[in-house]
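**Q** coords please:
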Amino acid sequence: MSEAFPNQQLDSDMMGLAKNLALEASRSDQDGRNFGEVFLPDADSFMRPASQLVYDDAPWLSSTMNDVLFVHHDICNEAAQSLGLKSVRKLLISGQLNLKDLPCPSPSTIGSNLRDFESHGQMLSHLVDFADTLGSREVCFLFDFRTHSSQSLLQPNLSSLQGPSLIMYLKGVKLGAEQISRLQCQNHDLQGLHRTVKNGPGLNTMYHFTDVPCIVSGEGLYFFDPQGSYFVDQDQNKARPVGKAHLYVNSDLSNKFADQFVPFQVFGFNAEREFHGTLFRMPIRLASKDEAREVSLGRNMDVEEFQELLASSSNWLNHESLLFLEHLESIEVCSWSEDSGEMVSEFKTSLDLSISASLRLSRRALSANKEWQKFNLMSVFGSVPAIKHMFEVKINTVNRRTGVKQQHHWLIAGMIGSRTSRKMALEHKTKKLVPCVAVAALLSCDGLALPKLEGQLFAYSKVMRTGLPVHINGWFEVTSNAFGLLQNGLSKDNLSSVERFELEWNQELLESSSEAYVDLLASMCPRFKHTPLLFYSRWPQLACIETPFIETVHRPLYSKLAQLPLFLLGSGNFVKLQSGVFPPEASTSSNSNLQRLCSLMFPLFSCPSFLGSEIRNAGVRDVSEISPEKVRARLKGDPRLVHALIAGIPKQEESPSDSTDQVVDAVIEVLEFCLQDLSSHGKRDFKSLHAVRLLPLANGSIVNFPYESFVASEEEQVRPCYLLPRSNLPRRRSSLVSGTRLCITAVCQG
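**A** Below you'll find the predicted structure:
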C-alpha cells in the first residue's frame, strides 16, 4: 500500500483496509519486528514506516509533544504495541521525547478575571462551584501551614513555593495537561465541564491565592507560571507565561527531586503510582522582599490571615454551599499545623448518608433536560408545557472546632423557564444558556420547623442578598454590572447589546422563579396547616426585599398566589382569596373585641395581617378587607351582632362594675374603628352612624345613634379613663354619655 500510495492521503476505503491489515498482523504469533519493514497510516492518513510512528498511551500529554508522528487513531494501542511501535510513556521516560511548554494565561487575563473578587472566603466558594462543574462528588481543602525542605527541587528558584499552601483535593477526577490549560483560558467549548461556570473566575480562582499553582492529576505533575518569574529558559529574552508538565509514574523524578513531591503526600498520593484524583496546590502568596517579584496576580496573605481564613471557612463553605450543586456531595476542611504529625479534619458538610440514585438524578434533572429545546416546534401549536421538578434534601454538618452537629432539611422546587426565556436561550446558543431556576425553603434545622432564613440569590454559588425568606438559584448571567442594572431600577437606556441581553435574561429567570416559588408554597401548605404562622413566614414582605426582586419576584408571586387556595379561614380551611376577608389592620391582639366582632360578620382569614397589604402592593385589586364602612353597614343590618359581642364577654360575678367596664371598653373599641374613615377626613357629618348600636351611656347601657346626649364633665364622669376636655362638649343635658377617648367629641358635635 505504501508503494501504491506514495505521499498520498488514504481515502476512507483504503484506511479501512489498512486498519484491518494492521489488526490481522497484530494477532499473529510473530513479533512485529519479524515482519520486516511495516508501514502504517499516520494521524493524517499517510503511510509511514512503523519505526517512525508512536502510539499515544498518555493522551493528556500528547498535545505537549514536539516533532512526534502519531499512528492513526483507528489503530488501537494494543495492535500498535504488538507491531513494535513505541509509546509516548516509554519515550518520555527514556528521554527521547521532550515536553513543550503548556499554554498559560497572561497576567492581564488573570487580572481581569479576578478584578471583581476580593474576599478570600468568597473565592473558596468559587472553587467549590468549579469542583462541581468537573463532576466531582467530594472536595476537600487542606490548610497546610508547614514549610517543606527545598534541597531537591526541579529548579532551585522553586524553593519559595515550599511554604504554607492551600490544597484542594478532587476525589476521582483526573485532568490532562490540555484540559487544565483550556480550563484556565475559559474556552467553554473544549473544557469538558458538566456545566458552565456561572459565578466566579473558574479555575483561575487559584491565582487569587498563589502565583504558581502546582497540580497533580493522574500521572502528571503540572506547574503554571503566568508571570514567567519561576520557570525561565536560558534563551528567553523576557518573562513570559509558561506551563510545565512532568510524567512522574515509572520514572525516577520522585527519587531525584524528592522534596518536590513531599507537599503532595496527602489524600493518598503516592508518586510511585497513578493518582486517581486531582490535587491543586496553591502556595499562598506572601509579601515578597524580592523587588523583581512585586507584581502580583491577586492579594498577598500572611500566615495570620491564612489562620483567619481557616477559622471562617465554615461560614463560607456551610451546608448552603451544597444546596444547588448538581454533583458535589461533600465538602471538608482540614488543617496541618507546622508542629503536627498529621492532618486534622476541622469541618465537614455533606448530603445525608441516605443518598440515593434518585436524589442524584433529581439534583441535575433540569439542567440535563433537553425537552425545552423543542420549544420552537411546540410554540407553533401554541403549547409550551411546563417542565418542573421538586425534591427534598438533608444536609449534615459536623464542626469539630465547635463540637456542633446539625442537620438541615430543605425542599427545592425547580422549573425550566418561561416561553420568553426558552426563546432567548435558543436564539443565543453560543452562550450555552439553560433557562432553569430553583427555589429552596429550609423546612427544619435539627427538628426546629422553618427557622428564620436570610434569602440569597445563587448562580450555583452565592451572588447577593435578596431579602426573601427563601433562596433562589438560576442560570443567571453574573457580571460586574448584571445585577447592578437591576438595582438601578431596570432602566435599559444607554446599555450595550450585551448588557441589555444580560438584564433581560436575568429578569426573565427571576420572573420564572416566582412560579417555582408558588409551587414551593403550595407544596408546603399541607405540611404546615396546623402551624399556619410558620407557613406564612415563608411569604415575602416588601419592606425586607432588595430592589431588584420587587418587580421581578414579589409582584408576580403574589399575583399567582391570589389565584390559589392558600388563604386560611378561621374555620381551618384553606380557600382562594375571593372566598374570605382580611381582618382590619387595627385588629390585633390588643383589640381582640374588634377581631371577634368581625369574625361574627365575615368569613375572616386567619392569615397574618401583612398579607392583605402585600397583595395590594402587588397590584391585585380584588383584595377584600374589612373597612369601617362595611362594619357600620353590617351593624345596621343586624343589631344582634353587638348583642352577640357583649354576650361573649365573661361576666365578673364578684364585681358587676368591672363587667360593665369591659362591655363599655369593647363597644368603644369597635366605635373607634367605625369612626376612622370619618374623622380622618375631617368630616362633621356622622349620619352614617344612624341606627348603629355603639353609643355607651354612663349607666352602662348601649344605645343606637343618634341619641340626645352629651359627654359628662370631669367631675361627673364615673370612669376617669373615658374623660374628654369639657371645652369640646355641647351645652345641654339629658343623659350622660361615657367618653370614647378621642372620637366621641366629634360624634356629639355631629
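**Q** Tell me which stretches of the stretch 251-400 of the chain form strands.
**A** Counting by DSSP state E, counting those that start in this stretch, residue ranges of the strands within the stretch 251-400 of the chain are 275-283, 330-336, 344-351, 388-399.
**Q** Could you check the longest one and say which residues are buried?
**A** Counting neighbours by 16 or more other C-beta atoms under 10 Å, one finds that the buried residues in strand 388-399 are H389, M390, F391, V393, K394, I395, N396, T397, V398, N399. From N, CA and C alone the C-beta is placed, and that goes for glycine too.
**Q** Just give me the closest of those to R299.
**A** The nearest member of these to R299, counting by C-beta to C-beta, is N399 at 26.5 Å.
**Q** Now do that closest one against P103, distance only.
**A** Counting by C-beta to C-beta, to the nearest Å, the gap from N399 to P103 is 41 Å.
**Q** Ok, L426 next?
**A** 32 Å.
**Q** need the next SSE after the helix or strand hosting C140, C-terminal direction.
**A** Assessed by DSSP states H and E, C140 sits inside strand 138-144. Note on strand 138-144: by DSSP H and E, the next helix or strand toward the C-terminus is strand 165-171.
**Q** what's in contact with that following strand?
**A** 127, 131, 134, 136-144, 206, 209-210, 263, 266-267, 276-284, 306 (C-beta atoms under 8 Å, 6 or more residues apart in numbering).
**Q** neighbours around P49, how many?
**A** 12 (other C-beta atoms under 10 Å).
**Q** Hmm, E37 and it touching each other?
**A** Yes: the pair P49 / E37 is scored as a contact, 6.0 Å apart, by C-beta atoms under 8 Å.
**Q** who's in contact with N77?
**A** Y55, D56, D57, S87.
**Q** Against F264, how distant is the closest residue to E346 other than its chain neighbours?
**A** Using C-beta to C-beta, 6 or more residues apart in numbering and skipping the chain neighbours, the partner closest in space to E346 is V333 (4.9 Å). According to C-beta to C-beta, V333 and F264 sit 19 Å apart.
**Q** for the stretch 201-350 of the chain, what are the low-confidence residue spans?
**A** Scanning the stretch 201-350 of the chain for pLDDT under 70 picks out 233-237, 287-296.
**Q** Tell me which stretches of the stretch 551-700 of the chain form strands.
**A** 567-568, 574-575, 693-696.
**Q** could you dump the ones you listed to a markdown table with mean pLDDT?
**A** Converted to a markdown table, those look like this (pLDDT from 0 to 100):
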| stretch | mean pLDDT |
| --- | --- |
| strand 567-568 | 94 |
| strand 574-575 | 94 |
| strand 693-696 | 83 |
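**Q** Please produce JSON lines containing those strands, extended by mean neighbour count and distance to L183.
**A** Shown next, in JSON lines, are the strands of the stretch 551-700 of the chain (neighbours: other C-beta atoms under 10 Å; distance: least, C-beta to C-beta, whole Å):
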{"stretch": "strand 567-568", "mean neighbour count": "23", "distance to L183": "51"}
{"stretch": "strand 574-575", "mean neighbour count": "17", "distance to L183": "51"}
{"stretch": "strand 693-696", "mean neighbour count": "22", "distance to L183": "76"}
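**Q** biggest separation within the contacts of N77, which pair?
**A** Farthest apart among the contacts of N77 - using C-beta to C-beta - are D56 and S87, which lie 7.8 Å from each other.
**Q** contacting residues for the residue found closest to Q184 once you drop the neighbours it is linked to in the chain?
**A** Spatial nearest neighbour of Q184, chain neighbours left out: P105 (4.9 Å); criterion: C-beta to C-beta, 6+ apart. Taking C-beta under 8 Å, 6+ apart, we find P105 in contact with Q184, C185, N204, F224, P226, P241.
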